[in-house]
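Enquirer: compute the structure for the input listed below.
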Amino acid sequence: MNDPMLNLAFVLHNHQPVGNLEPVFRSAFDHAYEPFLSAVEEHPGVRVVLHYTGPLLEWIEREEPAFLDRLRALCHGNRVEILTGGLCEPILSMLPQRDRAGQIRRMTEWLEERLGVSPRGMWLAERVWEPHLARDIARAGVEYCLIDDSPFLKVGLAKEQLHGYYTTEEEGEILAIFPIDADLRAQVPFKLPGVTQAYLEAVAQQVPDGLALFADDGEKLGDWPGTHKWVYQQHYLSDLFETLLGKEPQVRFCTLSEFLDAHSPLGTAYVPAASYKEMEEWSGGFWRNFLRRYPESNQMHKKMLRVSAKVDAMPDTRPDKRTAQTHLYRGQCNCPYWHGVFGGIYLAHLRHANYAELLRAERIADMGSSCPCIREADVDCDRARELVFDGEQLVVVASPQRGGRITELSSKAEAHCLTATLSRYPEAYHGRWRDEAHEGGEIPLHYDWYPRQSLIDHFLGPGTTPKLFREAAYAEQGDFVDQPYGVEMVSDGPPVARLRRSGHVWEGGEQVPVEVSKTLRFDDAAQALAVEYCVTPSCSRPRRLWFGVEWNFALSAGDAFGRYYEIDGEVQGGPGLAASGQRKAARSIRLVDEWLRLAVDVSTSVPMEIWWQPLETVSQAVQQVDRLYQASTIVLSQRLATAPGGSSAFEVRVRVDSLADPARVHEVNQGDAVPSVE
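Expert: Below you'll find the predicted structure:
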C-alpha cells in the first residue's frame with residue numbers, strides 16, 4: 001500500500017516599510033530575498049507562494065530589476081504563486097473601507113502590469129484578521145487569504161481539522177481562509193530538516209491528501225541574526241528542499257490556488273479577531289489596543305482618517321487624485337502604528353515617513369480649498385472638541401480638554417510633522433534591563449506621566465533642574481499640564497483662538513488660585529504661530545511663581561551631522577540636537593535640521609530661561625538595547641513676581657523656516673530618497 005500523500009504550501013511574506021533606510025533594504029535583499037529565489041531556481045521540484053509588499057517591490061524594481069525578470073519567469077513556469085495585499089502593507093482593519101479596496105486593487109494592478117499575473121489570494125499585514133474584512137477582501141476580487149491557526153482553535157476546531165481551508169462570509173460575500181500551521185512556523189528554519197520531515201509524515205497519516213501550510217516572514221530565512229550562515233552557507237534550506245523532494249509523492253509542493261481548485265472546503269468557519277500569538281500578547285489580544293496604548297499612534301491614525309476623507313472628497317476628474325491616493329496609501333503603512341519587541345513606533349524615521357506622505361496627500365487635496373480656516377472639531381474621536389487650524393502651509397491642532405496643548409504642528413510645505421514625538425512608556429521587557437549595564441552605564445529608564453507634545457504649561461517647584469525635568473522627577477506645582485482649558489474665542493479672520501483656565505498652584509505651602517490665558521494667532525504664509533500668555537494669580541499679597549512652557553519638536557536625528565541649536569544666533573557645539581543645555585536669559589532658540597532642510601525658530605518677547613534637552617526612549621532591538629532620539633525638548637520659563645491684582649504677560653513665537661540655501665544643506669544620499677509608488 002502506498003504511503004498517504006500530503007500537500008505542502010511553502011509561503012513567504014517579504015516586507016520593508018515606507019521610509020526604511022537604504023542599508024536595511026540592501027541587507028534584506030542580499031541576505032534573504034535573493035538567495036531564497038536562487039534556492040528555488042536550483043530545485044525545479046519546489047513550488048512556493050510569495051508575497052512582496054509595495055515599498056519593497058519598488059525598491060527591487062529600481063535597484064535590482066533583473067530580480068523581477070527572474071520572478072516573472074518562475075511565475076509563468078508555474079513555480080511561484082504571487083499573493084496580493086494592501087499595496088503599502090496597511091493593517092486593513094484600521095482603514096476606511098474605501099482605502100482597503102483601493103490598496104488591494106492598486107497592488108493587484110501593479111502585479112498584473114509588472115509580473116503578468118492575476119493573484120487570487122492575499123497576505124494580511126501582520127496577519128491581523130477581523131471578521132468584517134471578509135466582505136471587503138472578497139469585493140476587491142480576492143478569493144482567499146491566510147489566517148493563523150489560533151482563532152480556529154478558539155472556536156472549537158481541533159488541530160487535525162486545520163489541514164485544508166474553510167469558507168467564511170460577511171454580508172454574503174464569500175472568502176476562503178487557510179489556517180497557518182504554527183508548528184511548522186516554529187520549525188523552519190530553526191529545526192533540522194529531518195524534524196520537519198517527520199512532522200509532515202505524521203500529518204499525512206492523520207489527514208491524507210490534506211494541506212500543511214507553512215507561512216512566515218521571508219527575513220527569517222537569511223536576514224535575522226545568524227540565519228544567513230545557517231540557512232544558506234551551511235545549506236539548511238537546500239537540505240530541507242532535497243529532503244522533502246526525496247519524499248515525493250508522499251510530500252508534494254503545491255500552490256494555494258492549486259489546492260483551492262482541487263479540494264472542497266472543510267466547512268464554514270466564523271473566526272474571531274486575531275493575529276499571531278506574539279502580536280496578541282503585545283496588543284493585549286486585539287490589534288487596535290495599540291491606539292489606546294500609544295496616544296501618538298492614535299494621533300497618527302486619526303490624522304490618516306482626516307486626510308483620507310479629504311482625498312476621497314476630491315473630484316474624480318482631478319488628474320492629481322491618483323497621486324494624492326498614492327501618498328495616502330504610503331502614509332497607511334502599518335509599521336509605525338504599533339510596537340512589539342522590535343522597532344515599530346519607536347523608530348522615528350518610520351513615523352516621519354508616514355507623516356510626510358500624509359501631509360503630501362493633504363496638500364494636494366487642499367489645493368483650491370478655502371484655506372486657511374480655524375474650526376472646532378472632534379478630530380481624535382473622544383467626544384472632546386479640538387481646535388484645528390488648517391492652512392495652505394501649516395496645520396495646528398490644539399486640545400483644550402488636555403491642557404490646551406498642541407497635538408499636531410505640521411508644515412505641509414515641508415511635509416514634516418514637528419509633533420511626531422514619542423513619550424517614554426514602560427514596556428514589559430524593561431524589567432529585565434533595570435540596573436543592567438549598557439554601553440558602560442545603567443540603562444536610563446524614565447517614564448512620562450503626560451504626552452510629550454507642545455504648548456504644555458508648567459508651574460515648577462523650587463529646586464527643579466533641567467536634569468530633574470528630563471527624568472520626570474521634578475515637582476509640578478500646578479494643575480495645568482493635562483487639565484481642561486475653556487475656549488473663549490475663535491475667529492477666522494485673522495485666525496485666532498483664546499484658551500483660558502482658572503486653576504491652582506502650590507506656593508509656600510499654600511494653594512494659590514491662578515488664571516492662565518493663552519491666545520493663539522496663526523500666520524499661514526509665514527508658517528508661524530504666536531502665543532500670547534497672561535498669568536494672573538488671585539491673591540492678597542505678592543507671589544513668586546515659576547512658570548514654564550514646554551515644546552517638543554520631532555526632527556530627524558539627535559547627534560547626526562547637520563543638526564544643531566542656535567541660541568540668540570550663536571551656534572551651540574556638542575552632540576547636535578542630542579545636546580542638553582540651559583541659558584539663564586535668552587530671547588531665541590533655533591533648531592536646525594539640514595537633512596530635512598528646515599529649521600524651527602522659537603523666540604520670546606522678553607528674555608527667558610531656556611532649557612534644551614533630548615527626549616530619548618529605550619527599546620528592544622534585534623541584538624541590543626536601543627537608546628533612541630525622539631524629539632528635542634525646549635522649556636521656556638520665567639520666575640514671576642506678581643503684586644496683588646497684577647499679572648505677567650509675554651509672547652512666544654514659533655516659525656518653521658525652509659533652508660533654501662543648498663550650500664548649507666547636508667548632501668543627501670540618493671538611497672535616502674523616498675521612492676514613488678506611481
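Enquirer: okay, CA-based contacts and neighbour counts for the rest of this
Expert: OK.
Enquirer: pull the longest strand from the protein.
Expert: Using DSSP state E, we find that the single longest strand of the chain is strand 598-620.
Enquirer: average pLDDT across that one?
Expert: Across strand 598-620, pLDDT averages out at 96.
Enquirer: output it as PDB, nothing but the C-alphas.
Expert: Only the C-alpha atoms of strand 598-620 are listed here, as PDB (Å, rounded to 0.1, in the frame of the first residue of the first chain):
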ATOM      1  CA  LEU A 598      14.200  73.100   7.700                       C
ATOM      2  CA  ALA A 599      14.700  75.000  10.900                       C
ATOM      3  CA  VAL A 600      12.400  75.800  13.800                       C
ATOM      4  CA  ASP A 601      12.700  79.300  15.300                       C
ATOM      5  CA  VAL A 602      11.400  79.900  18.800                       C
ATOM      6  CA  SER A 603      11.500  83.500  20.000                       C
ATOM      7  CA  THR A 604      10.100  85.300  23.100                       C
ATOM      8  CA  SER A 605       9.100  88.900  23.700                       C
ATOM      9  CA  VAL A 606      11.100  89.100  26.900                       C
ATOM     10  CA  PRO A 607      14.300  87.300  28.000                       C
ATOM     11  CA  MET A 608      13.500  83.900  29.500                       C
ATOM     12  CA  GLU A 609      15.400  81.000  30.900                       C
ATOM     13  CA  ILE A 610      15.800  78.400  28.200                       C
ATOM     14  CA  TRP A 611      16.500  74.700  28.600                       C
ATOM     15  CA  TRP A 612      17.100  72.300  25.700                       C
ATOM     16  CA  GLN A 613      17.500  68.600  26.000                       C
ATOM     17  CA  PRO A 614      16.800  65.400  24.000                       C
ATOM     18  CA  LEU A 615      13.700  63.300  24.500                       C
ATOM     19  CA  GLU A 616      15.000  59.700  24.300                       C
ATOM     20  CA  THR A 617      13.400  56.300  24.700                       C
ATOM     21  CA  VAL A 618      14.900  52.900  25.400                       C
ATOM     22  CA  SER A 619      13.600  50.000  23.400                       C
ATOM     23  CA  GLN A 620      14.500  46.500  22.400                       C
END
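Enquirer: which residues are contacting the very next helix or strand once past that strand?
Expert: As assigned by DSSP states H and E, the chain's next helix or strand after strand 598-620 is strand 625-642. If you take Cα atoms under 8 Å, 6 or more residues apart in numbering as the criterion, strand 625-642 is touched by 346-348, 421-422, 438, 537, 542-555, 557-558, 577-578, 608-620, 648.
Enquirer: can you list the strands that strand 625-642 pairs with?
Expert: Neighbouring strands of strand 625-642 in its sheet, by DSSP bridges, are strand 543-553 (antiparallel), strand 598-620 (antiparallel).
Enquirer: Provide the strand pairings for the following helix or strand past that strand, with the direction of each partner.
Expert: Per DSSP H and E, the first helix or strand lying C-terminal to strand 625-642 is strand 648-658. Partners of strand 648-658 in the sheet, by DSSP bridges, are strand 528-537 (antiparallel), strand 598-620 (antiparallel).
Enquirer: now Ala631, nearest residue through space, not along the chain?
Expert: By the measure of Cα to Cα, 6 or more residues apart in numbering, the closest residue to Ala631 outside its immediate chain neighbours is Ala554, 4.1 Å from it.
Enquirer: ends of stretch 255-269, what's the gap?
Expert: Terminal residues of stretch 255-269 are spaced 22 Å apart (Cα to Cα, to the nearest Å).
Enquirer: burial count for Ala138?
Expert: Using other Cα atoms under 10 Å, Ala138 has 21 other residues around it.
Enquirer: and what of the one 5 residues further on?
Expert: Close neighbours of Glu143, defined as other Cα under 10 Å, add up to 20.
Enquirer: can you name the residues that contact it?
Expert: The neighbours of Glu143, taking Cα under 8 Å, 6+ apart as the test, are 120-121, 174-176.
Enquirer: try Val203
Expert: Here Val203 is in contact with 6, 160, 212 (Cα under 8 Å, 6+ apart).
Enquirer: and for Thr108?
Expert: Going by Cα under 8 Å, 6+ apart, Thr108 touches 84-85, 118-119.
Enquirer: and the next helix or strand past the helix or strand it falls within?
Expert: Assigned by DSSP H and E, Thr108 falls within helix 97-115. Later in the chain than helix 97-115, the nearest helix or strand by DSSP H and E is strand 121-122.
Enquirer: just give me how far that next one sits from the chain centre.
Expert: Chain-centre distance of strand 121-122: 24 Å, with Cα atoms, centre = their mean, to the nearest Å.
Enquirer: for stretch 498-517, same thing?
Expert: With Cα atoms, centre = their mean, you get 38 Å for stretch 498-517.
Enquirer: now it: buried residues?
Expert: Of all the residues in stretch 498-517, those buried under the rule 16 or more other Cα atoms under 10 Å are 498-507, 512, 514-517.
Enquirer: now, those residues that are in helices?
Expert: Counting by DSSP state H, no part of those is found in helices.
Enquirer: how about the residues you listed, which pair is most distant?
Expert: Farthest pair in the buried residues of stretch 498-517 (Cα to Cα) is Arg498 and Glu507. Separation: 26.5 Å.
Enquirer: in the helix or strand encompassing Ala198, which residues are buried?
Expert: Assigned by DSSP H and E, Ala198 belongs to helix 193-206. Within helix 193-206, the residues that count as buried by 16+ other Cα under 10 Å are 193, 196-197, 200-201, 203-204.
Enquirer: send the alpha carbons of that helix over as PDB?
Expert: These are the backbone C-alpha positions of helix 193-206, laid out as PDB (Å, rounded to 0.1, in the frame of the first residue of the first chain):
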ATOM      1  CA  PRO A 193      15.100  19.100   8.100                       C
ATOM      2  CA  GLY A 194      14.600  15.600   9.500                       C
ATOM      3  CA  VAL A 195      12.400  17.000  12.200                       C
ATOM      4  CA  THR A 196      10.200  18.800   9.700                       C
ATOM      5  CA  GLN A 197      10.100  15.600   7.500                       C
ATOM      6  CA  ALA A 198       8.900  13.500  10.500                       C
ATOM      7  CA  TYR A 199       6.200  16.100  11.400                       C
ATOM      8  CA  LEU A 200       4.900  16.200   7.800                       C
ATOM      9  CA  GLU A 201       4.800  12.400   7.700                       C
ATOM     10  CA  ALA A 202       2.800  12.400  10.900                       C
ATOM     11  CA  VAL A 203       0.300  14.900   9.500                       C
ATOM     12  CA  ALA A 204       0.000  12.800   6.300                       C
ATOM     13  CA  GLN A 205      -1.000   9.800   8.400                       C
ATOM     14  CA  GLN A 206      -3.600  11.900  10.200                       C
END
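Enquirer: which ones are touching the most centrally placed residue in the chain?
Expert: Against the mean C-alpha coordinate of the chain, by Cα atoms, centre = their mean, the closest residue is Pro336 at 1.2 Å. By Cα under 8 Å, 6+ apart, Pro336 lies in contact with 297, 344-347, 350-351, 354.
Enquirer: closest to Val48 out of those?
Expert: Closest approach between these and Val48, by Cα to Cα: Gly344, at 28.6 Å.
Enquirer: ramachandran angles for that closest one?
Expert: Torsion angles at Gly344 (phi, psi; degrees, to the nearest 10) stand at phi 60, psi -130.
Enquirer: and for it, the neighbour number?
Expert: Neighbour count of Gly344, defined by other Cα under 10 Å: 17.
Enquirer: now Ala9, nearest residue through space, not along the chain?
Expert: Of all residues not flanking Ala9 in the chain, Leu213 sits nearest, at 5.0 Å (Cα to Cα, 6+ apart).
Enquirer: that neighbour belongs to a strand, doesn't it?
Expert: Yes: the assignment for Leu213 is a strand, going by DSSP: H, G, I helix; E, B strand; the rest coil.
Enquirer: residue contacts, it?
Expert: When contacts are counted by Cα under 8 Å, 6+ apart, Leu213 touches 8-11, 163, 179-181, 184.
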